[in-house]
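A.B. asks: Just the structure for this:
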Amino acid sequence: MNYKSILNFIAEVGNLKRVKRSGWWVIDIPYEESVADHSFRCLVIGYILAKIEKVDTSKVLLMTLFNDVHESRITDLHKMAHKYINVRKAEKDVFKDQMNGLDKVIGGEMTDLRKEYDKQKTLESLIARDADILECLIQAKEYYDQGFKNAKNFFKKAPKLLKTKSAKKMWKESKDWDSSKWWQKLSKFER
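C.D. replies: This next block holds a predicted model:
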């Protein structure tokens with residue numbers, strides 16, 4: 001076990017706290033989330049969807065957790081960049097290099113899970129992808145509810161990419177949900 005390589009990987013992944021999600025600054029969101037922010041809530045959504053769909057929760061969580069680690073090297077590239085750069089190939093190349101630096105037990109498991117995720121054949125991989133898409137949609141809904149009307153553009157294409165019943169149902173429910181109201185019943189101002 002090469003602990004220096006593991007520490008290097010941990011430090012590299014820590015960069016995701018500073019890598020901003022680029023799709024938001026394209027539509028003038030002044031305080032866009034980081035990739036780490038996005039990844040955390042993807043985990044929560046992945047866990048919930050896995051429970052609803054009754055699949056291997058730990059597999060979904062691991063796929064979701066390591067989905068964006070490549071962005072520590074190539075950042076988060078918005079959809080306009082995808083027009084000019086083969087982003088999928090770059091992501092795979094970076095992930096492969098990252099895993100090569102790790103012990104085969106750790107890197108091997110992550111590589112196997114990444115391959116399963118990329119193939120999108122298992123229910124766990126579909127849920128992990130849905131968690132990623134749904135997190136972006138919920139974030140867009142929150143920005144929209146805060147007055148950033150351009151965030152509504154995310155509602156056009158992304159919902160069509162959802163595959164599982166639970167993710168589709170959650171998105172449908174969110175359409176008439178006011179994301180800014182959840183805390184009001186808890187506030188002493190509402191008592």
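A.B. asks: Show me where the protein has its helices.
C.D. replies: 3-14, 22-26, 35-53, 57-65, 71-74, 79-82, 87-100, 104-119, 123-145, 154-157, 165-174 (DSSP state H).
A.B. asks: Tabulate those helices (a markdown table), appending mean pLDDT, mean neighbour count and distance to Trp183.
C.D. replies: Quick note: C-beta positions are derived from backbone N, CA and C, even for glycine. What follows is the helices of the chain, written out as a markdown table (pLDDT from 0 to 100; neighbours: other CB atoms under 10 Å; distance: least, CB to CB, whole Å):
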| stretch | mean pLDDT | mean neighbour count | distance to Trp183 |
| --- | --- | --- | --- |
| helix 3-14 | 94 | 13 | 30 |
| helix 22-26 | 89 | 18 | 22 |
| helix 35-53 | 98 | 20 | 16 |
| helix 57-65 | 97 | 21 | 26 |
| helix 71-74 | 94 | 19 | 30 |
| helix 79-82 | 87 | 12 | 32 |
| helix 87-100 | 94 | 15 | 36 |
| helix 104-119 | 95 | 15 | 34 |
| helix 123-145 | 97 | 22 | 12 |
| helix 154-157 | 90 | 13 | 23 |
| helix 165-174 | 96 | 16 | 17 |
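A.B. asks: Quick one: closest of those helices to Ser187.
C.D. replies: helix 123-145 (17.0 Å; CB to CB).
A.B. asks: hang on, the earlier thing: would you list the helices of the chain in CSV and tack on distance to Lys185?
C.D. replies: Shown next, in CSV, are the helices of the chain (distance: least, CB to CB, whole Å):
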stretch, distance to Lys185
helix 3-14, 36
helix 22-26, 29
helix 35-53, 21
helix 57-65, 29
helix 71-74, 36
helix 79-82, 37
helix 87-100, 41
helix 104-119, 38
helix 123-145, 17
helix 154-157, 27
helix 165-174, 18
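A.B. asks: so which of these comes closest to Trp182?
C.D. replies: helix 123-145 (10.4 Å).
A.B. asks: could you list every residue that touches Lys96?
C.D. replies: Thr111 (CB atoms under 8 Å, 6 or more residues apart in numbering).
A.B. asks: per-residue confidence for Phe152?
C.D. replies: For residue 152 the amino acid is Lys, not Phe. pLDDT recorded at Lys152 is 92.
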